[in-house]
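Colleague: My questions concern the predicted model and sequence given below.
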Amino acid sequence: MSLILWAKKMLVQQIVHLAFTSNTYLISNKTDGDVFLVDIGNFKGVMELISDIQTVKGVFITHYHYDHIFGINDLIKRFPNCGVYASSHTIEGLYSDKMNLSFYHECPIVFQGKNPVTIKENDKINLFEGACLEVIETPGHNSGCLTFKVNNYLFTGDSFIPNIEVITKLKGGDKVANKLSLQKIRNKIVSGTCVCPGHGILLEFP
Amino acid sequence: MTNQEKITLIEETLENDGGTLTENTQLSDVSEYDSMGKLTLIVLCDDEFNKKLTGEQIRNFVTVKDVLDFMG
């Protein structure tokens, strides 16, 4: 299942993992073959959307829980040069099936790739012309959680899901940090902002 | 670890208000014992008691005492 949104030269597509209900987002433009992802829960869904000439150049991970990284090994097997960008804590969890909780679902996921890139607050990464990704640290759901801002899109992972209370009781969760992060996210929302959460539907603010 | 200490640990894990659980509490009456709560309990048993809790075992839990007995 996918939803397509165009904004200026940027295309954002939502891909839902039906079993986990987690969202993967595909960011691309009209002229370039490069594609970027936010989370990689559903690799098969990504492959159904991209053409043969397109390459996944990078994936930005909001946090390490298994439902957001389920397809990561298939991704790097198919696109070995794909950059994997995440917080240092999330990178630690990519290599631990107990931290990312996949161990407890009897589908262990241990990242097979090397050299993931550590990103942190205020880092800015140029995706393509007219699209720069800004990194916002939003701990709470998990201490390594990141939110990504690209133009008017805000990819919030599980740090902010409209109308759903943020879950902080999983290991690494922090209620106090979550409260501060929610305020930080709200400060980024202006008229026209489209919130792309880790689960559920996109929400455009009028 | 005493049973009361284990109960406190369960309350902290489930983010349940402290002091509300007893050995006889029915898990079906604990609102925080939802799918996410069960997952946190599985992680707790592995981390603190080195015991792997299966889906079938967790489905057979009726009261808090069943969880305590599993923890050992």
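Modeller: Perfect, thanks for sending it. Residues are numbered from 1 along each chain as shown, chains lettered A, B, ... in the order given.

Colleague: For chain B, which residue gets nearest to chain A?
Modeller: In chain B, the residue that lies nearest chain A is residue B:15 (4.5 Å; CB to the nearest CB). Just so you know, the C-beta spots here come from the backbone N, C-alpha and C atoms, and that holds for glycine as well.

Colleague: Please report phi then psi for that residue.
Modeller: phi 60, psi 40 (degrees, to the nearest 10).

Colleague: If you drop the residues flanking it in sequence, what lies closest to it?
Modeller: Excluding the flanking residues, the one nearest residue B:15 by CB to CB, 6 or more residues apart in numbering or on different chains is residue A:169, at 4.5 Å.

Colleague: Can you verify my assumption that that neighbour contacts residue B:38?
Modeller: No - judged on CB atoms under 8 Å, residue A:169 makes no contact with residue B:38 at a distance of 11.1 Å.

Colleague: Can you name the residues of chain B that neighbour chain A?
Modeller: B:13-15, B:32, B:36-37, B:39-40, B:42-43, B:46-47 (CB under 8 Å from any CB of the partner chain).

Colleague: Hmm, residue B:27 is touching residue B:37, no?
Modeller: No - checked against CB under 8 Å, the pair residue B:27 and residue B:37 is beyond contact range at 9.2 Å.

Colleague: Restricted to buried residues, select the residues of chain B next to chain A in ChimeraX.
Modeller: Burial among the residues of chain B next to chain A is assessed by 16 or more other CB atoms under 10 Å in any protein chain shown; the matching ChimeraX selection reads:
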select /B:13,14,32,37,39,40,42,43
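
Colleague: In helices, which of the residues of chain B next to chain A fall?
Modeller: Counting by DSSP state H, the residues of chain B next to chain A place B:13-14, B:36-37, B:39-40, B:42-43, B:46-47 in helices.
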